[in-house]
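Undergrad: next come a sequence and a model predicted from it.
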Amino acid sequence: MKKFTFALFLSLWSYFSYAQVTIYSECNYRGKYRTLSTKTYANHYQFGLQDNSISSIKIAQGYSVDLYQNSNMTGRKITLTSSDNCLPSIINNSVSSIVVKKIYDDNANSGNISIYRNCGYRGSVTNFPTANYPDLRAKLNGGTPESLQIPNGMVAEFYSGTYYSGRLLGRYTSNQNCLTSEVRDFAKSLKVYKNTSENEVKPQPK
Ligand SMILES: [Ca+2]
């Protein structure tokens, strides 16, 4: 009983806190399992399940997982970015090494937009809560904004001058894997706000 309670606690804990990626020895998220973090597992000793035994995998939003047939990231490879309740036969029961990567931050509930220094949600990241940022380059430590993650209902506006002067280079309400070269090269200030009905651009009545 104690063991069961502890196991339940552990699985809830891992589900709510650390459930980035979980591998299972059986389809439908059953059997033996291990929770993985963002790193390279070059052989089955490192990921902690029997070799050639993985059959299903849970992947949290924002993570990418490379599964390899052989150890040291060799042999057949598949890349997954969402959960799979029974791996395809080309890789099922044959995984021997794994690479877990974070592809973007899941900020859907945090109220922040995230700006990355490189396209593809890579490079260092800075989070921007709802506010005006008169000197974007200073906030990025001199770096340039290259990709952008925006939770639902938020807006990001980039201007060519500091203090929202110059031109509006772009207004975004969804993720941008690679911002336009104009934004990347010239954005100097930023407004981040909630997309309330007052902010919506309404067509002029005739
Ligand atoms: Ca193998």
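TA: Alright, I've got the coordinates. Numbering: from 1, shown residues only.
Undergrad: so which residues on this structure come close to the ion?
TA: By C-beta under 5 Å from the ion, the residues of the chain that approach the ion are 52, 69, 94, 96. (Glycine included, C-beta is placed from N, CA and C.)
Undergrad: excluding chain neighbours, what is closest to whichever residue of the chain sits closest to the ion?
TA: In the chain, the residue that lies nearest the ion is S96 (3.5 Å; C-beta to the ion). Nearest in space to S96, with sequence neighbours left out and distances taken as C-beta to C-beta, 6 or more residues apart in numbering, is S71 at 4.5 Å.
Undergrad: ok, how many other residues are close to T162?
TA: When neighbours are defined as other C-beta atoms under 10 Å, T162 has 15 of them.
Undergrad: what ranges does the protein have for its strands?
TA: 21-26, 30-36, 40-41, 56-59, 63-70, 74-80, 97-102, 112-118, 122-129, 131-133, 147-149, 154-159, 168-172, 189-194 (DSSP state E).
Undergrad: ok so, going back, wait, the residue nearest to S96 sits on V95?
TA: No: taking contacts as C-beta atoms under 8 Å, S71 lies outside contact range of V95: 9.9 Å.
Undergrad: between these two, who's got more neighbours?
TA: V95 (30 against 17).
Undergrad: looking at it, that one is touching N52, isn't it?
TA: Yes: in this structure V95 lies within contact range of N52 using C-beta under 8 Å: 7.0 Å.
Undergrad: care to break the chain down by domain?
TA: Domain assignment for the chain by automatic domain parsing gives 2-102, 112-199.
Undergrad: ok, Y172 to P151 distance?
TA: Distance, Y172 to P151, by C-beta to C-beta, to the nearest Å: 12 Å.
Undergrad: nope, K101 is what I was after
TA: Taking C-beta to C-beta, one finds K101 at 21 Å from P151.
Undergrad: what's the answer for S114, then?
TA: As judged by C-beta to C-beta, S114 and P151 stand 9 Å apart.
Undergrad: got it, and S181?
TA: 25 Å.
Undergrad: neighbour-wise, which of those two wins?
TA: Higher neighbour count among S181 and P151: P151, with 18 against 9, using other C-beta under 10 Å.
Undergrad: rewinding a little: most surrounded residue in the residues of the chain next to the ion?
TA: S96 (22 neighbours).
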